[in-house]
Every structure is written in structure tokens, then in C-alpha cells.
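J.: structure for this input, please:
(one chain, ligands or ions: 1)
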Amino acid sequence: MSWTKDSLIAAARDAAAGAYAPYSQFHVGAALGFADGSVVTGANVENASYGLTLCAETVAVGKVLSAGLRGRLEAVAVIGGKAGQLGRGAPVSPCGRCRQMLSEVAQLGDSDPTVWCVGGDEVLEIRLSALLPHAFGPANLT
Ligand code: THU
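T.: Just a heads-up that it's a prediction; the model follows:
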């Protein structure tokens, strides 16, 4: 593992610079750290049809799966905030849809990743299984 908690959070922060968030002005970056040392990031992508917005975590998961990566997901870092306020508010934890998206990658690699939700006063550390207990997944379809 070549990434660390701090470097994964830094990668999420860097990724947030790529956010396309002209409607909410809320920029989010996510970084997914794998057991082989690789890191895949994403940023939120909004749309004039607001409900079509893609969260940062979902963008990162799309990058992972479409690149054919099937490694063991060990950790996820998420950071967000308005421009100039990134990471300064309450910890940003993955929305419900993103928990399910992350769970797909975790289950493929048989892991229960640590999720670091970055806030101004604290970095909330929580397992994905605590964010999404009794998750539905690939095994349900066999
Ligand atoms: N957002 C994320 O990217 N990830 C989350 O887990 C929560 C919300 C984005 C979606 C939207 O572009 C903006 O934050 C405000 O909801």
C-alpha cells in the first residue's frame, strides 16, 4: 500500500478541483485506495437537469469499473464544500446511492473499506458496512 490516510485525503482534495458544480457550488472529491497501492479519484458532475447529477464517489466507481480494475478496496476519502471552504464544514459522508456504488466495488474485492469523511473539526472514520449494513450485492443475484 503506497497511499496513506493523509495522501488519500489529499488526493480527494485535489480531485475536488475538477468538480463541475455550477448549480450547487458544492465541490466534492473522492479518492478510492486499493490494496495494490492504486488510487482512483472522482469529482461531482452536475447537470442542468439537476437530478442527473453524479456524485464524486459514483464518478470514481465508474472510472474503476470501466477501467477493468477489480482490486481490493481498502479505503475511501471524501471531502466537500463550497469554493474556498473545502473540507471546512461538517464531515461529508457518501450519500445513499454512493454507499451502494462503493459497496459494489468492495464486494467484488471482498473488503469492508474504511471511509474517511473529511470535516473542518474532525475526520469521521467509519466502515462502509456501518454506513450500509446488510448491503445488496452481486452475491444476491447468483
Ligand atoms: N455530492 C457528492 O458528490 N457526494 C456526496 O456524497 C454527497 C453530495 C454532490 C452532489 C451535488 O453535486 C453536490 O454534492 C450537492 O449535493
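J.: identify the residues contacting Ala60.
T.: Ala15, Ala30, Ala31, Leu32, Val40, Thr41, Gly42 (CB atoms under 8 Å, 6 or more residues apart in numbering). Backbone N, C-alpha and C define where each C-beta goes, glycine included.
J.: which of the residues you listed lies closest to the ligand?
T.: Distances from the ligand to the contacts of Ala60, taken as CB to the nearest ligand atom, are shortest for Ala30 (7.1 Å).
J.: mind checking the SS state of the residue nearest to the spatial centre of the chain?
T.: Closest residue to the average C-alpha location of the chain: Glu57 at 3.4 Å, with CA atoms, centre = their mean. Assigned with DSSP: H, G, I helix; E, B strand; the rest coil, Glu57 falls in the helix class.
J.: so it makes contact with Val76?
T.: Yes. Counting by CB atoms under 8 Å, Glu57 does reach Val76; the two are 7.1 Å apart.
J.: what do those two both touch?
T.: Ala30, Pro94, Leu102.
J.: what helix or strand is the last one located in?
T.: Okay, so that is Leu102. helix 96-108 (DSSP states H and E).
J.: the first one too?
T.: Using DSSP H and E, the secondary-structure element containing Ala30 is strand 26-34.
J.: quick revisit: the residue nearest to the centre of the chain and Arg97, how far apart?
T.: 9 Å (CB to CB, to the nearest Å).
J.: for Asp112, same thing?
T.: From Asp112 across to Arg97, the span is 19 Å (CB to CB).
J.: which one of these two is surrounded by more residues?
T.: Relative neighbour count places Asp112 above the other of Asp112 and Arg97, with 15 against 12, counting by other CB atoms under 10 Å.
J.: three-state assignment of the closest residue to that one other than its chain neighbours?
T.: Nearest non-adjacent residue to Asp112, counting by CB to CB, 6 or more residues apart in numbering: Ser129, 4.8 Å away. Here Ser129 is recorded as helix under three-state DSSP.
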